[in-house]
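Enquirer: What follows is a predicted protein model with its sequence.
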Amino acid sequence: MATLNPYLSLPGTCREAMNFYKEIFGGELNIMTFADTPMADQMPPEMKNSIIHSMLKVSDSFKIMATEMTGTEKGPSDLIAGNNVSLTLVCESEAEIRELFSKLSTDAKAKDELQSAFWGGLFGRLTDKFGTHWMFEYSENA
C-alpha cells in the first residue's frame, strides 16, 4: 500500500518551518538547494540557496516534505498557504496529543482547542505560524 506524504510549498520560510517541525517531532531532516543540483549554474545567484526539496523523516510512516517553489502558474501570488491541506496527527496517547498540540501552538491560531470529541476521543485544530493547518486526534479505541 502506498503511503501519503504531505508536501508543503513554503516560499521564504521552508528552512525555518522544517527546522521547527524537526524540533517538535525529531527525525532526520534533509534539505536540497538549487546549489546542490545540476541546475546550479543555470540559476540566478539569488536562487542558488532556495530550497528545491526537503524531507523530514520521523519514521517510515511519518514524513513531511516541503519546497520553496510554489508549483503554481503565477508563483507565490497564486499560493494560499495551507488552505487546501491539513496534516492530521493521530496520536497514541493522551500525553502525546497534549504535548504535540502544545508545541505546535507556538504563535499559532487555535481553531479548536483540545477537547473531548463526540466519538469519545480528544480532538483539536490549529493553524501554525507558517499557515499550515493541523488536526489532532486521539482515541483509546483507535
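Expert: In hand now; what should we look at? Numbering: from 1, shown residues only.
Enquirer: Now the residue of the chain most remote from its centre: phi and psi?
Expert: Distance from the C-alpha centroid of the chain, by C-alpha atoms, centre = their mean, peaks at Asp41 (29.9 Å). With angles defined as degrees, to the nearest 10, Asp41 sits at phi -70, psi -20.
Enquirer: Likewise for the one 5 residues further on?
Expert: Dihedral angles of Glu46 (phi, psi; degrees, to the nearest 10) stand at phi -70, psi -10.
Enquirer: since we're on it, how many residues are nearby?
Expert: Glu46 has 7 neighbours, counted by other C-beta atoms under 10 Å. Yep, even glycine has a C-beta here, placed from its N, CA and C like the rest.
Enquirer: Show the residue spans covered by the helices in this structure.
Expert: For the chain, the helices defined by DSSP state H cover 14-25, 94-104.
Enquirer: Could you export these as a markdown table, including distance to Thr37 and mean pLDDT?
Expert: Listed next are these as a markdown table, based on distance: least, C-beta to C-beta, whole Å; pLDDT from 0 to 100:
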| stretch | distance to Thr37 | mean pLDDT |
| --- | --- | --- |
| helix 14-25 | 15 | 96 |
| helix 94-104 | 31 | 95 |
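Enquirer: With mean neighbour count and distance to Glu46 as added columns, please give those in a markdown table.
Expert: Formatted as a markdown table, the helices of the chain follow (neighbours: other C-beta atoms under 10 Å; distance: least, C-beta to C-beta, whole Å):
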| stretch | mean neighbour count | distance to Glu46 |
| --- | --- | --- |
| helix 14-25 | 18 | 15 |
| helix 94-104 | 16 | 31 |
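Enquirer: With distance to Lys63 as new columns, can those be given to me in TSV?
Expert: Converted to TSV, the helices of the chain look like this (distance: least, C-beta to C-beta, whole Å):
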stretch	distance to Lys63
helix 14-25	10
helix 94-104	16
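Enquirer: give me the low-pLDDT residue ranges for the protein?
Expert: 1-3, 70-85, 142 (pLDDT under 70).
Enquirer: can I see the domain layout of it?
Expert: Here the domain assignment for the chain is 1-79, 81-142, based on automatic domain parsing.
Enquirer: re earlier: I'd like to know which of the helices of the chain is closest to Met69.
Expert: helix 14-25 (9.1 Å; C-beta to C-beta).
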